[in-house]
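A.B. asks: can you look at this prediction? I've put the sequence above it.
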Amino acid sequence: MTVKLTYDMPELVTRAPLDIHRSTVLPEWVDWNGHMNVAFYVAAFDQASGSFMRNMGLGRNYVDNKLGMTFVLETHVTYDREMRGGAPMRFTTQLLDRDAKRVHVFHEMYHAEQGYLAATNETIVMNIDYATRRSAPWPKQAAERLEAVWATHKELPRPAKSGRMMGLKKS
Amino acid sequence: MIDLDPGAPLDIHRAKVLPEWIDWNGHMNVGYYVVAFDKATDTLCQQFGVGWEYTREKIGMTFVIEAHVTYDREVKEGDGLRITTQILDHDAKRIHYMHEMYHADEGYLAATNELMLMNIDFATRRSAPWPDWAMPRIEKAATAHARLPRPKQAGRLIGIKRK
């Protein structure tokens, strides 16, 4: 039995990549190196994942109504340039793959004014049943929205920084 | 400088899940796993004499340039964490290593974090070779850690695996 989403859905954005999430580097995210600490890039990207999930109809309401949750299973970050306190961030998100209960997404974080790429984050998010805290299929309404997103995103080229394996490249 | 710990893996970092690390799912948020792991990186850097004082004295810094996290199990507010660190590889200015986070009481693996750390010159904020006091320490630890089996989470690619 699939969970029925009983709250109002936001208007679906199918434009590819998704380019709606904006944020600002908070003072408390800055470390002793004078830039945004590595962990808070992940916190910032997690909020971009939240925007993606909200577009699927699985935002905060999904948890507050005790219908379900979404958990990140795995994540890969490239740190490309430093960001200082107060820097504005623009995120784009590309759906790379999906199945009955998971999405594989790729975020890019840009400095919103200077335009440079600050970091990328490739991540797998899984749908979770609220009661059992175990994986479960996407609710039907969310799955339909996901397919509409996939129809446009699958046409995008694969990002150069996706599918990376870590290691020292020795020349 | 502190004495170099001979353990392989390095098994000295301990932490506790703070209330502000919990999200609306009632568990430690994905970003704060990385906060906890980054503090374990500080512990590693301390071993090599490139910790907080290294930056405070305006000598250098260490920047993470890439990270991979597997979230294996949930941890809750107040849980004790034990984080071990294994060096996988290194060169003149980088260290490739893996942290494993365990629930300190229940013993289960909660998460892993594979990282690439680079030494940075304080003035130029550009990559630079490890300082001369750090390199022998890194070599010594790397040699000890080289005897360990490679963690199965190392070198992972992200993707949806289909059966």
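C.D. replies: Sure thing, it's come through.
A.B. asks: so who does the closest residue to residue A:58 other than its chain neighbours touch?
C.D. replies: Nearest residue to residue A:58 in three dimensions, chain neighbours excluded: residue A:142, at 5.4 Å (C-beta to C-beta, 6 or more residues apart in numbering or on different chains). Heads up, the C-betas are built off the backbone N, CA and C, glycines and all. Going by C-beta atoms under 8 Å, 6 or more residues apart in numbering or on different chains, residue A:142 touches A:5, A:56-58, A:127.
A.B. asks: so which of those sit within strands?
C.D. replies: Among those, the residues falling in strands (DSSP state E) are residue A:127.
A.B. asks: closest to residue B:49 out of the contacts of residue A:142?
C.D. replies: residue A:127 (46.1 Å; C-beta to C-beta).
A.B. asks: hmm, back to that, how close does the residue nearest to residue A:58 get to chain B?
C.D. replies: As judged by C-beta to the nearest C-beta, to the nearest Å, residue A:142 and chain B stand 17 Å apart.
A.B. asks: so that residue lies in a strand, does it not?
C.D. replies: No - Residue A:142 is assigned helix when assessed by DSSP: H, G, I helix; E, B strand; the rest coil, not a strand.
A.B. asks: about what we covered before: which of the contacts of residue A:142 are buried?
C.D. replies: A:5, A:56-58, A:127 (16 or more other C-beta atoms under 10 Å in any protein chain shown).
A.B. asks: present those residues as CSV; the columns should include distance to residue A:16 and pLDDT.
C.D. replies: Formatted as CSV, the buried ones among the contacts of residue A:142 follow (distance: C-beta to C-beta, whole Å; pLDDT from 0 to 100):
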residue, distance to residue A:16, pLDDT
A:5, 23, 95
A:56, 14, 97
A:57, 18, 97
A:58, 19, 97
A:127, 22, 98
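A.B. asks: quick one, strands of chain B?
C.D. replies: B:10-16, B:60-71, B:80-90, B:94-103, B:109-121.
A.B. asks: which residues touch the residue of chain B found nearest chain A?
C.D. replies: Using C-beta to the nearest C-beta, the single residue of chain B nearest to chain A is residue B:31, 3.0 Å away. Residues in contact with residue B:31 (C-beta under 8 Å, 6+ apart) are A:39-40, A:42-44, A:46.
A.B. asks: can you do 7 Å?
C.D. replies: A:39-40, A:42-43, A:46 (C-beta atoms under 7 Å, 6 or more residues apart in numbering or on different chains).
A.B. asks: could the strands of chain B go into JSON lines alongside distance to residue B:43 and mean neighbour count?
C.D. replies: Below are those laid out as JSON lines (distance: least, C-beta to C-beta, whole Å; neighbours: other C-beta atoms under 10 Å in any protein chain shown):
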{"stretch": "strand B:10-16", "distance to residue B:43": "4", "mean neighbour count": "17"}
{"stretch": "strand B:60-71", "distance to residue B:43": "12", "mean neighbour count": "22"}
{"stretch": "strand B:80-90", "distance to residue B:43": "7", "mean neighbour count": "21"}
{"stretch": "strand B:94-103", "distance to residue B:43": "10", "mean neighbour count": "23"}
{"stretch": "strand B:109-121", "distance to residue B:43": "13", "mean neighbour count": "22"}
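A.B. asks: out of those, which gets nearest to residue A:10?
C.D. replies: strand B:60-71 (26.6 Å).
A.B. asks: so what touches that closest one?
C.D. replies: A:33, A:38, A:72-79, A:166, B:30, B:33-34, B:45, B:50, B:54-55, B:111-122, B:128, B:131, B:153, B:156.
A.B. asks: need the CA coordinates for stretch A:22-32. PDB is fine.
C.D. replies: Written as PDB, here are the backbone C-alpha positions of stretch A:22-32 (Å, rounded to 0.1, in the frame of the first residue of the first chain):
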ATOM      1  CA  ARG A  22      19.500  29.700  -2.900                       C
ATOM      2  CA  SER A  23      21.300  30.200   0.400                       C
ATOM      3  CA  THR A  24      23.900  32.200   2.300                       C
ATOM      4  CA  VAL A  25      27.100  31.100   4.100                       C
ATOM      5  CA  LEU A  26      26.300  31.600   7.800                       C
ATOM      6  CA  PRO A  27      29.000  33.100  10.100                       C
ATOM      7  CA  GLU A  28      28.800  29.900  12.300                       C
ATOM      8  CA  TRP A  29      29.800  27.800   9.200                       C
ATOM      9  CA  VAL A  30      33.200  29.500   9.000                       C
ATOM     10  CA  ASP A  31      36.200  27.700  10.600                       C
ATOM     11  CA  TRP A  32      39.700  28.700  11.700                       C
END
